[in-house]
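A.B. asks: 3D, please:
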Amino acid sequence: MSFVSKRDLSSDTEVASIRVPMFLTKAFIKGKIKELDEEDAIAALALRKIKKLKIMTISGNKKDNLMSKFNAYLAKNNFEEMMSLYSEGSKITINTEMKKDHVKRVLLGIADEGDYVFVDIKADLDLNELSKMIEYYEKKNNKTKIIN
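C.D. replies: Residues are numbered from 1 along each chain as shown. Okay, the predicted model is just below:
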């Protein structure tokens, strides 16, 4: 995740970066897909589309320019912000890189005080599939509200 450099971090910052090898990812995902096929076919479809996965956590950073670097990286690489929300004091942004009508990358940024989590997912998700997923979960959520 090239938007993070050593000079952007304070000296006591802890960084963990993991690039999950695809053979491990696929082995885990195949098991989950089999479980989800019956319970949640839409989630199984989304998991099948994942091609690469990277995760980076940064903890204890006292410098406050990391999110501005992240936003500059998003703008430079033509990412579009799909959603930004706050949950229990954390800011979460969901950003996508598009090619024609396909989502090629999803980059999540989660900031909570001096702690950050970045997740980079490479995929090939058709916008029609994404629309169906969103519609499915909205209907499912509405049914749950009615029952409760």
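A.B. asks: where does pLDDT dip in this protein?
C.D. replies: 26, 29-44, 63, 137, 140-148 (pLDDT under 70).
A.B. asks: how about the strands of it, start to end?
C.D. replies: 14-20, 50-59, 79-87, 90-99, 102-112, 115-126 (DSSP state E).
A.B. asks: adding mean neighbour count and distance to R7, write those out as TSV.
C.D. replies: The C-beta positions use only the backbone N, C-alpha and C, and glycine is treated the same way. Below are these laid out as TSV (neighbours: other CB atoms under 10 Å; distance: least, CB to CB, whole Å):
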stretch	mean neighbour count	distance to R7
strand 14-20	12	13
strand 50-59	16	14
strand 79-87	11	23
strand 90-99	16	23
strand 102-112	18	19
strand 115-126	18	16
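A.B. asks: export those to CSV and tack on distance to D8?
C.D. replies: Below are those laid out as CSV (distance: least, CB to CB, whole Å):
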stretch, distance to D8
strand 14-20, 11
strand 50-59, 9
strand 79-87, 19
strand 90-99, 18
strand 102-112, 14
strand 115-126, 11
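A.B. asks: give me the most central residue, this protein.
C.D. replies: Against the mean C-alpha coordinate of the chain, by CA atoms, centre = their mean, the closest residue is L108 at 3.6 Å.
A.B. asks: which ones are touching that one?
C.D. replies: Under the criterion of CB atoms under 8 Å, 6 or more residues apart in numbering, the neighbours of L108 are 92-95, 117-121.
A.B. asks: what of I92?
C.D. replies: 83-86, 108-110.
A.B. asks: apply 7 Å and report the result again.
C.D. replies: 85, 108, 110 (CB atoms under 7 Å, 6 or more residues apart in numbering).
A.B. asks: which of those lies closest to L74?
C.D. replies: L108 (11.3 Å; CB to CB).
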